[in-house]
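Colleague: coordinates only, sequence not included:
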């Protein structure tokens, strides 16, 4: 050390100077010895903390990744542990001190698995002990600590929570304030602070000065709540990284340093020392507010690393007054009823009334949310249609493309034969037909069909070719290339060799089928999006063995199970056969599902893709890998066994063990994939496995058979029966529940997509018991739904919208589906529904409109007659009705009889029947015969 200090003196011209960090106290024997030795020299000590601050201000990619992981841990602990813990304490009115909350939260931070975070415990630590404050005593400084006072959560209570976590020494910070039954002053103060905090974050852009961040927040406070300016913190936070507070990067009004991309800040704003005028209790009269987030400065805009933990007023404000007032109101109403009605058990009435009121409140909330969704959905649809974005799908006409049809490039390549008979050249895919003593080749693609017919000792072969105007039409390549040529439509041959003729016909049919299948597969592959090449993992890949795939590979032979491996950038499924292999890229995965076997026979992994891929010869967007957890086929033979038979019990136990084992293997595979996808570059894709919520499922018919349909976080799926059903919730425009009404045992669901050119998805025959659950689920997912009493023909409706979007918007958008609105004003409903009448008929002319008016009059007369007839028949007994039915059967006669016999019976019955009753009006005059409906 002495030699270093002497070298500084020797190499320096003039008075030597040494850079130091004066605010950092030396720790350890080495640093203490260096400080003592430095004090023995008469050197000038220069503060270089600002220079080091500049060096460490901009973080590289690995540092930002570490800060994001630390931030992820911080907000996860707050959201998944602290907030539920506070809610339980408040709801159950428990007593817990701030220090106890601090200790339990610190234990969760150092053990991330308790907060559902997959980070290694040895890499994490706390930046500072978690801070909890309430009860009128608040300290907004970074050095604040949690005291031994109990948590205060009475009305107008304020609770401040601050958590800082480290990951590989890199810091993060988050702070939130929670309000209990806030008064108007508290509510206003928080909303102003929230706007100021968001303004400060939005001001973190490269090129701006750091003082502009604080000034942006101050400007909001001056505009929205000038009375809070004296209580605002003196800065908007500091830089954060390895050091929790990088003091040189303070977001204060005097710091003119320039912001750069890659800087990370702990944006902290608060109001200190506020007072609630309506309270006299010091624990609620004095309060403070604090918000903090870890923010990364980027070229495209600031990224809030802790933004997943909400800070909106609706999410941090808790209210218990309304519930108490409702309970008091409910208690009063039954008492009045008990007194007036003389009821003996008012307690029972109270419970019933409370339940009814809760259901009414729940339904009312759902209606309010649906009304808001209707307004927002109509505005969104109007904007999309106005910009011309109807979400056009693959609506273009597909043009058949292919290479030139050539069987032989040269005449010399045509095989010669002494016998002039029909031959099939499978290598060149051609049929050789004898014409005028020569074998003329025809490519198999020109053959439309071939048939044979035996007549005595001869066999007739008839070959029909593709010609212009039939088959391929204008897209047929020879037709386009030789438009003025003469085409052979068909040829016929007679052969005395029946066996040869039959063999030739069979060969032509087989070759034609193989070529058509190959060309179809080639056309499908031509439409595929080019995928990146699979990068095999250098180490041992994550693997799941003995899986079956759907759709299955084509081809003959025994089907074989395979294994699924997770490599660097995708999956590979392969069997023992060399040609049975499928690669699925991670970037092509739109949704991934894991469904363990509970009431099903299989455990499965399902991938719904962005772009089509080929599985064997099949083009698909859905690929599934599964294992059967038990035998689907059971032997029915043998003696019947008792339910207590030891063998039967042992078989059931073995099935349970096998199911649990397979489910566990899949769970381990999914967890290891989640760890892989949590690393860059896959973290930005936000990939994860969805697990269906069976408790929200319902039965329905999405295709041709009934299935159990279940929601997930992002989709509505049915993954057991084929074809699979995967509907992305973000693609849904609205849902119409059809055939909903009293007395209906089932209803249908019509799902309209944002792409109006896409066919509406129907799920039919849903039991009516599932209606409330489906409505509640749709409402919770913010999907607008409507109800109707009949099925609608959606194709002309969507065509009408696309043809005239302005009229659709002017008529109220989707509100023509509103059954409640139509009931309230029937005339307006009829007018609005006419534009969306689900009918393919043409518009009626003026004459037909006049006829319809006449028909309406006749209908009323007919309805009166039908009512009178029904009244006359109401008094008939079962025996009388049976006798009447027999008479009608005799008059009609048996359908199997001849026409003459039926005429004789009808004439005979007409002679015996009584004359029809003539109706008279009130004046005794005979009524006119009603018009016959056309």
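Modeller: That came through, no problem. Computed from a predicted structure; not experimentally measured.
Colleague: hey, let's count contacts and neighbours off CA atoms from now on
Modeller: Will do.
Colleague: Touching, residue 301 and residue 205? I think so.
Modeller: Yes. Using C-alpha atoms under 8 Å, residue 301 is in contact with residue 205, at 6.2 Å.
Colleague: Those two: which has the busier surroundings?
Modeller: Using other C-alpha atoms under 10 Å, the more surrounded residue of residue 301 and residue 205 is residue 205, with 23 against 15.
Colleague: What segments of the stretch 251-400 of the chain are strands?
Modeller: Taking DSSP state E, counting those that start in this stretch to define them, one finds strands in the stretch 251-400 of the chain at 264-275, 286-296, 303-304, 317-318.
Colleague: report the angle between the axes of the longest one and strand 286-296?
Modeller: This means strand 264-275. Using axes from the mean of the first three to the mean of the last three C-alpha atoms, to 10 degrees, the direction of strand 264-275 lies 170 degrees away from that of strand 286-296.
Colleague: Would you map the strands across the stretch 751-900 of the chain?
Modeller: Counting by DSSP E, counting those that start in this stretch, the stretch 751-900 of the chain has these strands, from start to end: 761-767, 785-787.
Colleague: what residues are up against residue 593?
Modeller: Counting by C-alpha atoms under 8 Å, 6 or more residues apart in numbering, residue 593 makes contact with 605, 606, 607, 689, 690, 691, 692.
Colleague: mind running it again at 6 Å?
Modeller: Listed by C-alpha atoms under 6 Å, 6 or more residues apart in numbering, the contact set of residue 593 reads 605, 606, 689, 690, 691.
Colleague: Next, the residue positioned nearest the centre of the chain: phi, psi?
Modeller: In the chain, the residue lying closest to the centroid (C-alpha atoms, centre = their mean) is residue 714, at 2.4 Å. Backbone torsions of residue 714, given as degrees, to the nearest 10, read phi -120, psi -10.
Colleague: how close does the nearest residue to it once chain neighbours are set aside sit to residue 713?
Modeller: Computed as C-alpha to C-alpha, 6 or more residues apart in numbering, the closest residue to residue 714 that is not its neighbour in sequence is residue 729, at 5.7 Å. Residue 729 sits 9 Å away from residue 713, going by C-alpha to C-alpha, to the nearest Å.
Colleague: And these two? Which one has more around it.
Modeller: residue 729 (18 against 13).
Colleague: Quickly note the distance from that one to residue 716.
Modeller: The spacing between residue 729 and residue 716, counted by C-alpha to C-alpha, is 7 Å.
Colleague: Ok, residue 782 next?
Modeller: Taking C-alpha to C-alpha, one finds residue 782 at 14 Å from residue 716.
Colleague: Tell me how many other residues crowd residue 18.
Modeller: Neighbour tally, residue 18, other C-alpha under 10 Å: 14.
Colleague: Likewise for the one 5 residues further on?
Modeller: The burial count assigned to residue 23 is 8, neighbours taken as other C-alpha under 10 Å.
Colleague: Correct me if wrong, but it is in a helix.
Modeller: No. Per DSSP: H, G, I helix; E, B strand; the rest coil, residue 23 lies outside any helix segment and is coil.
Colleague: Look up the pLDDT of it for me, please.
Modeller: At residue 23, the predicted lDDT confidence score is 72.
Colleague: what's the answer for residue 930, then?
Modeller: In this prediction residue 930 is given a pLDDT of 41.
Colleague: how close does the nearest residue to residue 629 once chain neighbours are set aside sit to residue 548?
Modeller: In this structure, residue 629 finds its nearest non-sequential neighbour in residue 659, 5.0 Å apart by C-alpha to C-alpha, 6+ apart. Counting by C-alpha to C-alpha, the separation of residue 659 from residue 548 is 16 Å.
Colleague: coming back round to it: tell me the secondary structure of the residue nearest to residue 629, please.
Modeller: Following three-state DSSP, the label given to residue 659 is helix.
Colleague: right, and it touches residue 627 too?
Modeller: No. Using C-alpha atoms under 6 Å as the test, residue 659 is too far from residue 627 to be in contact (9.7 Å).
Colleague: Redo the strands of the stretch 251-400 of the chain as CSV? Include distance to residue 453, mean neighbour count and mean pLDDT.
Modeller: Shown next, in CSV, are these (distance: least, C-alpha to C-alpha, whole Å; neighbours: other C-alpha atoms under 10 Å; pLDDT from 0 to 100):
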stretch, distance to residue 453, mean neighbour count, mean pLDDT
strand 264-275, 85, 24, 94
strand 286-296, 81, 25, 95
strand 303-304, 77, 18, 93
strand 317-318, 86, 18, 88
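Colleague: what residues are up against residue 318?
Modeller: So residue 318 contacts 180, 181 (C-alpha under 6 Å, 6+ apart).
Colleague: Which residues does it form beta bridges with?
Modeller: Under DSSP bridges, the beta-bridge partners of residue 318 are residue 180.
Colleague: coming back round to it: do you know how far the residue nearest to residue 629 is from residue 50?
Modeller: Distance from residue 659 to residue 50, counting by C-alpha to C-alpha: 63 Å.
Colleague: same check, this time on residue 3
Modeller: Using C-alpha to C-alpha, residue 3 is found at 27 Å from residue 50.
Colleague: same deal with residue 231?
Modeller: Here the criterion is C-alpha to C-alpha. By it, residue 231 lies 29 Å from residue 50.
Colleague: repeat for residue 314
Modeller: Counting by C-alpha to C-alpha, the gap from residue 314 to residue 50 is 42 Å.
Colleague: Between those two, which has more neighbouring residues?
Modeller: Remark: of residue 314 and residue 50, residue 50 carries more neighbours, 14 against 8, as counted by other C-alpha under 10 Å.
Colleague: what's the distance between whichever strand or helix holds that one and the middle of its chain?
Modeller: For residue 50, the host element (DSSP states H and E) is helix 49-57. Centroid separation between helix 49-57 and its chain, computed with C-alpha atoms, centre = their mean, to the nearest Å, is 46 Å.
Colleague: All further residue positions should be reported with the first residue as 801.
Modeller: With 801 as the first residue, the last one maps to helix 849-857.
Colleague: Now do the buried residues in the next helix-or-strand element following it.
Modeller: Per DSSP H and E, helix 849-857 leads on to helix 861-877 as the next helix or strand towards the C-terminus. For helix 861-877, the neighbour count (16 or more other C-alpha atoms under 10 Å) marks 863-877 as buried.
Colleague: repeat for stretch 1030-1046
Modeller: Quick answer for stretch 1030-1046 (16+ other C-alpha under 10 Å): 1032-1033, 1035-1042, 1044-1046.
Colleague: Closest one of those residues to residue 1087?
Modeller: Among the buried residues of stretch 1030-1046, residue 1032 lies closest to residue 1087 (C-alpha to C-alpha), at 13.0 Å.
Colleague: before we move on, what SS does residue 1550 have?
Modeller: Following three-state DSSP, residue 1550 is assigned to strand.
Colleague: typo on my end, it should be residue 959
Modeller: Assigned by three-state DSSP, the conformation of residue 959 is strand.
Colleague: what's the burial count for it?
Modeller: Look at residue 959: counted by other C-alpha under 10 Å, it has 24 neighbours.
Colleague: who does it bridge with?
Modeller: Here residue 959 sits in beta bridges with residue 978, as judged by DSSP bridges.
Colleague: separation between it and residue 1114?
Modeller: Computed as C-alpha to C-alpha, the residue 959 to residue 1114 distance reads 15 Å.
Colleague: higher neighbour count, residue 1582 and residue 1516?
Modeller: Per other C-alpha under 10 Å, whichever of residue 1582 and residue 1516 has more neighbours is residue 1516, with 18 against 14.
Colleague: What helix or strand is that one located in?
Modeller: Judged by DSSP H and E, residue 1516 forms part of strand 1515-1518.
Colleague: What mean pLDDT does the helix or strand that that strand is followed by get?
Modeller: Remark: after strand 1515-1518, the chain's next helix or strand is strand 1525-1528, criterion DSSP H and E. Across strand 1525-1528, pLDDT averages out at 94.
Colleague: Now do strand 1525-1528: which elements does it pack against?
Modeller: Applying 3 or more C-alpha pairs under 6 Å, 6 or more residues apart in numbering; DSSP states H and E, we find strand 1525-1528 packed against strand 1515-1518.
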